[in-house]
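Chemist: I would like to see how this sequence folds:
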Amino acid sequence: MPTNAQNVDQYIAEQQAALVKNPECANTHYNLGMGYLTKRMFREAEESFIKALDCSPKLVEAYVQLGGIAMQRGDLETCLRYNQMAARERPFFAVSHANIGFVHMQRGEADQAIAAFKKAVAQDPKFVQAMANLGGIYFMKGMLDAAENWCHKALAVEPKFGPAYQNLALVALERGDAKTARLNVAKAHECGSEVPAKLISDIEALEAGR
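Modeler: Next comes the predicted model:
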């Protein structure tokens with residue numbers, strides 16, 4: 001929506017003023033919640049997103065934001081529940097499926113994570129993070145060809161997506177190919193990704209024949 005705000009505080013005040021005139025506007029409650037999120041005022045943001053859903057239960061972006069707040073608190077169960085609610089309301093919303101996949105991935109539930117990430121990619125064929133996560137999960141399952149395939153799909157969409165190069169480095173390391181692993185670590189660095197120290201030390205160990 002148009003805004004004359006010069007900073008976040010002004011934006012919040014603007015949304016609050018709009019709610020005085022129209023307290024049932026779901027979008028304004030949502031916008032207010034986003035303003036609070038910017039300031040990391042999580043309790044106020046949560047209240048605003050809940051009010052947005054009270055006004056419009058199909059505003060699934062609010063469910064996703066509530067899930068994000070729950071994740072920030074380390075509450076995976078609540079995060080999962082909110083994103084499942086979003087997926088039920090709008091089955092073709094890729095973000096909710098990706099978030100469901102992320103929760104399953106954090107729990108080590110590989111098959112459920114794969115199913116959710118594939119749903120996300122089906123709805124958004126350019127969802128790079130979901131593709132890279134699929135690469136990571138298939139690597140954890142020992143399915144190296146599938147891991148490599150999904151990482152290349154991610155890089156075909158976004159050639160500078162560092163996490164995909166990290167996964168490719170892991171695949172190469174697992175295959176005993178230190179040179180390719182090293183090249184992919186370098187590419188990850190070029191893309192601004194912070195490569196885990198253990199990955200680098202494991203490559204060095206392979207190069208040294210240890």
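Chemist: Hmm, E24 is touching S56, no?
Modeler: No: taking contact to mean Cβ atoms under 8 Å, the distance of 9.0 Å between E24 and S56 leaves them out of contact. Heads up, the C-betas are built off the backbone N, CA and C, glycines and all.
Chemist: what about these two, which has more around it?
Modeler: S56 (15 against 11; other Cβ atoms under 10 Å).
Chemist: Can you name the residues that contact the more buried one?
Modeler: Going by Cβ atoms under 8 Å, 6 or more residues apart in numbering, S56 touches 26-27.
Chemist: can you list the residues that contact the helix or strand hosting L32?
Modeler: Assigned by DSSP states H and E, L32 falls within helix 26-38. Helix 26-38 is contacted from outside by 1, 8, 11-12, 15-16, 18-19, 22, 42, 44-49, 51-53, 55-56, 59, 61-62, 65, 69, using Cβ under 8 Å, 6+ apart.
Chemist: hmm, who's touching whatever helix or strand Q84 lives in?
Modeler: Assigned by DSSP H and E, Q84 belongs to helix 76-89. Helix 76-89 is contacted from outside by 57-58, 60-61, 63-64, 66-68, 70-71, 93, 95-97, 99-100, 103-104, 106-107, using Cβ under 8 Å, 6+ apart.
Chemist: Could you pull up the mean pLDDT of that helix?
Modeler: pLDDT averaged over helix 76-89 equals 97, rounded to a whole number.
Chemist: do stretch 156-171 as well
Modeler: Rounded mean pLDDT across stretch 156-171 is 97.
Chemist: What pLDDT is listed against Q6?
Modeler: Reported pLDDT for Q6: 76.
Chemist: Name the secondary structure element that contains it.
Modeler: Per DSSP H and E, there is no helix or strand for Q6.
Chemist: How many residues are close by it?
Modeler: If we define neighbours as other Cβ under 10 Å, then Q6 has 8 of them.
Chemist: ok, now R73?
Modeler: So R73, with other Cβ under 10 Å, has 12 neighbours.
Chemist: Leaving out chain neighbours, which residue sits closest to it?
Modeler: F42 (7.7 Å; Cβ to Cβ, 6 or more residues apart in numbering).
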